[in-house]
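Undergrad: Just the structure for this:
(2 chains, ligands or ions: 2)
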Amino acid sequence: MNFIVCIKQVPGTTDVKIDPKTNTLIREGVESIVNPFDSYAIEEGLRLKERMGGKVTVISMGPPQAESALREALSMGCDEAVLLTDRAFAGSDTLATSYTLACGIKKIGEFDLVICGKQAIDGDTAQVGPGIAEKLGVPAITYVKKIEEIDQARIKVERMMEEGYEVIETNLPALITVVKEINEPRLPSLKGMVRARKAEIHMWTASDIECEKSKIGQAGSPTIVNKIFTPPPRKGGEVLLGDPEEQAEKLVDKLRQAKVI
Amino acid sequence: MEYFLSEEQKMICELARRIAEEKIKPVREHYDETEEFPWPIVEELAKADLCGVYIPEEYGGTGGGVFELCLAVEELCKIDGGIALVLAATALATFPIMLFGSDEQKKKYLPDIAAGKKLAAFALTEPGAGSDATAIQTTAKKEGDSYILNGTKCFITNGGEAQVYIVIAMTDKTKGSRGASAFIVEKDTHGFSFGKKEKKMGIRGSATRELIFNECKIPKENLLGREGQGFIVALKTFDVSRPGVAAQALGIAAGALEDAINYSRERVQFGQSISSFQAIQHLLADMATEVEASRALIYTTARMIDKDPKIRVTKEAAMCKLFASDVAMKVTTDAVQVYGGYGYMREYPMEKRMRDAKITQIYEGTNQVMRNEIALALIKEAARAKK
Ligand SMILES: Cc1cc2nc3c(=O)[nH]c(=O)nc-3n(C[C@H](O)[C@H](O)[C@H](O)COP(=O)(O)OP(=O)(O)OC[C@H]3O[C@@H](n4cnc5c(N)ncnc54)[C@H](O)[C@@H]3O)c2cc1C
Ligand SMILES: Cc1cc2nc3c(=O)[nH]c(=O)nc-3n(C[C@H](O)[C@H](O)[C@H](O)COP(=O)(O)OP(=O)(O)OC[C@H]3O[C@@H](n4cnc5c(N)ncnc54)[C@H](O)[C@@H]3O)c2cc1C
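TA: Ligands and ions are numbered 1, 2, ... in the order given. Predicted coordinates for the structure are as follows:
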């Protein structure tokens, strides 16, 4: 079977700076890592391959340095890697990103299952997975915490809910996004790292993937970012001291003052 | 200091560091407290291909040498000085197969060891024969196509857990030091059992156990090298394995230093971080200098061994072990000092390092024995130069 895993390279820290002029992230000089949720996607792809045979292809859209994220995936055991990279992709929002990745996946060819992370830790929208499924015309199941059954034609999964989970079954090909409860990602192996260092990464530009110019990059991105700001941190709470009775009394007073009760 | 590591060597360091940080750090206290054997970590090392870093590719390893082993051991020991022994003590017992084994023996044992499916142990020490190894009493008597082993080995690292044992036994007591031979004995061989498991001061995640041979019959194909070569096997093995023990000591010291530096910057007394006190600064400066000197000595020796296996390195290997272990003892003691009272508490990782460091001055030859060997080599060299 053919498994395709979408991975995004993200900054290794949560305090990224925003360029005040363009309202975009300043990515220079920040250490990059594989989006943590995508490591679970990679691991699940590898486990499926080990169980069912076949191939795992990783794909990413990003600047040339995203190559290192793909090599990490290869060192864990993925078979092939594709990087969609072109200045024309710059400025993509989730819609354009989904479209571009879907075009890339179509170019890879036959696939049975696409696996994404639940969300990227920088963009955080969780839209790209379902977006890709839409463009590919396949069913999407988000927040998968366990694959219960899978064969050549169908997949049955547990989908994480706030309380409990849903069991969903669908036809293949399909797309799933996974949560961290699904597995524990492996570390790379030395032989894998050596192989990954030498492996060829397929670099595809806009003209390689048969996409419409109007649907990629800035042109294909209806999202307009007006303002980005960090909300002010919440002020520290107040601790009410005394024995339980006194505390309760003080609390009721406060709540009355605040007109909550 | 820049040691110009190759890409692959850097990868080994990175992988070992990740395993140490992500897999060992969360459980190091557990293994120290319980003295259980860290099988889950063996599995991690195996999956990462780190069990075969010093084994040739044709036998399933990744084709490195003593240097690669040292790099992996150092990184692992920065976090835990005991658990890495699953790797280092296995190497101690794998080197004799690599150095003296027949093609069949290599094919039979090396691939499983490289894949981490089997651990190995090296058994020389006996209750009455520590520093004086030639006093061993375990015998191996040839009978037809077999050898029959009788005797007891003690303090054997990986004992009870390893599948493959290299055992030094007397085949002819009348020949003294030329009467010993080396054998490969597999776990579960009839007549081979395990005795007392030691409770130790440090490296408690490492198993140290007694081996008991009682009419233990092994096929004659399990003789390693030739009859009478037993102590030569042991000595040549120590020449290549001692840098590994030194790397263990180096890792323990380097880990202690790193933590001590960070702690000194965070701990505030008299309104300032203790790193602003010159007394602490000088401690750290000495620690760092000694750690770097032992690293340089070990790396250079390991590279020498890998570059030309024919060069005799007894002296240098002994220097590595002697120096790095003394440094580790001193540096970990000083690191506890930097931590003050917190360093003495088991909640912090420092007192354990001090306990772990101590063993490196004792095993694979005590440091007194190391000095004897270095001096002997010096005198021999001088005598040769005179001629
Ligand atoms: C308000 C806002 C501001 C933004 N600002 C910037 C900015 O300043 N600079 C900038 O570069 N981008 C910016 N974008 C981000 C850009 O639109 C998204 O990074 C991108 O579309 C992916 O969305 P996401 O990060 O939310 O991923 P999600 O939808 O959260 O990702 C879900 C999963 O989709 C897959 N996936 C996502 N992206 C990729 C990819 N590129 N390649 C392969 N797989 C992928 C992964 O499996 C991932 O786990 C912004 C987006 C928004 C909404
Ligand atoms: C945790 C642990 C793991 C071990 N693992 C193994 C293993 O895997 N395989 C194995 O074969 N052995 C192993 N050993 C044994 C170890 O190698 C011996 O303990 C060591 O060689 C010292 O021998 P001994 O304990 O009998 O001390 P002794 O030889 O009795 O020494 C006692 C003291 O006398 C000093 N001394 C002895 N002779 C001289 C001399 N000629 N000149 C100056 N000083 C001298 C020593 O330096 C020491 O200070 C292990 C030991 C320990 C504690």
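
Undergrad: burial count for the residue of the stretch 251-387 of chain B found nearest ligand 1?
TA: The stretch 251-387 of chain B approaches ligand 1 most closely through B:Asn262 (33.3 Å), counting by Cβ to the nearest ligand atom. (Each C-beta comes from the backbone N, C-alpha and C, glycine too.) By other Cβ atoms under 10 Å in any protein chain shown, the residues close to B:Asn262 number 11.

Undergrad: What helix or strand is it located in?
TA: helix B:230-266 (DSSP states H and E).

Undergrad: Is that helix in proximity to ligand 2?
TA: No - judged by Cβ under 6 Å from any ligand atom, helix B:230-266 makes no contact with ligand 2; its nearest approach is 8.5 Å.

Undergrad: Contact partners for A:Leu241?
TA: A:Gln247 (Cβ atoms under 8 Å, 6 or more residues apart in numbering or on different chains).

Undergrad: For it, give its distance to A:Ala248.
TA: 12 Å (Cβ to Cβ, to the nearest Å).

Undergrad: The residue of chain B found nearest ligand 2 and ligand 1: what is the separation?
TA: Here chain B gets closest to ligand 2 at one residue, B:Gly130, 1.7 Å apart by Cβ to the nearest ligand atom. Here B:Gly130 is placed at a distance of 58 Å from ligand 1 (Cβ to the nearest ligand atom, to the nearest Å).

Undergrad: With only the CA atoms kept, save stretch B:27-36 in CSV.
TA: Extracted as CSV, the C-alpha positions of stretch B:27-36 are listed here (Å, rounded to 0.1, in the frame of the first residue of the first chain):
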residue,chain,number,x,y,z
VAL,B,27,14.4,6.4,34.1
ARG,B,28,17.9,6.8,35.4
GLU,B,29,16.8,7.2,39.0
HIS,B,30,14.5,4.2,38.6
TYR,B,31,17.4,1.9,37.6
ASP,B,32,19.6,3.4,40.3
GLU,B,33,17.0,2.7,43.0
THR,B,34,15.8,-0.7,41.9
GLU,B,35,19.0,-2.2,40.4
GLU,B,36,16.9,-3.7,37.6
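
Undergrad: Name the residues of chain A found near chain B, please.
TA: A:186-194, A:197 (Cβ under 8 Å from any Cβ of the partner chain).

Undergrad: Thought B:Gln163 was touching B:Lys187, still the case?
TA: Yes - at 4.9 Å, B:Lys187 counts as touching B:Gln163 under the criterion of Cβ atoms under 8 Å.

Undergrad: re earlier: quick check, nearest of the residues of chain A next to chain B to B:Leu92?
TA: Taking Cβ to Cβ as the measure, B:Leu92 lies nearest A:Leu190 of those, at 20.9 Å.

Undergrad: show me the contacts for that closest one.
TA: So A:Leu190 contacts B:8, B:11-12, B:15, B:48-50, B:53, B:62 (Cβ under 8 Å, 6+ apart).

Undergrad: Break down chain B into its strands, ranges please.
TA: B:120-123, B:139-143, B:146-157, B:164-170, B:180-186, B:192-197, B:208-219, B:223-224, B:268-269, B:272-273 (DSSP state E).

Undergrad: Where does the stretch 251-387 of chain B get nearest to chain A, which residue?
TA: Scanning the stretch 251-387 of chain B for proximity to chain A using Cβ to the nearest Cβ identifies B:Asp306 as nearest, at 17.0 Å.

Undergrad: gap between the closest residue to that residue other than its chain neighbours and B:Lys47?
TA: What sits nearest to B:Asp306 in space, not counting adjacent residues and going by Cβ to Cβ, 6 or more residues apart in numbering or on different chains, is B:Gly65, at 3.5 Å. Distance of B:Gly65 to B:Lys47, computed by Cβ to Cβ: 22 Å.

Undergrad: Would you indicate which residues of the longest strand along chain A are buried?
TA: What stands out as the longest strand in chain A, according to DSSP E, is strand A:140-150. For strand A:140-150, burial by neighbour count (16 or more other Cβ atoms under 10 Å in any protein chain shown) applies to A:140-147, A:150.

Undergrad: Please tabulate those residues in CSV, including the columns pLDDT.
TA: Putting the buried residues of strand A:140-150 into CSV (pLDDT from 0 to 100) gives the following:
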residue, pLDDT
A:Ala140, 97
A:Ile141, 97
A:Thr142, 97
A:Tyr143, 97
A:Val144, 97
A:Lys145, 97
A:Lys146, 97
A:Ile147, 97
A:Ile150, 96
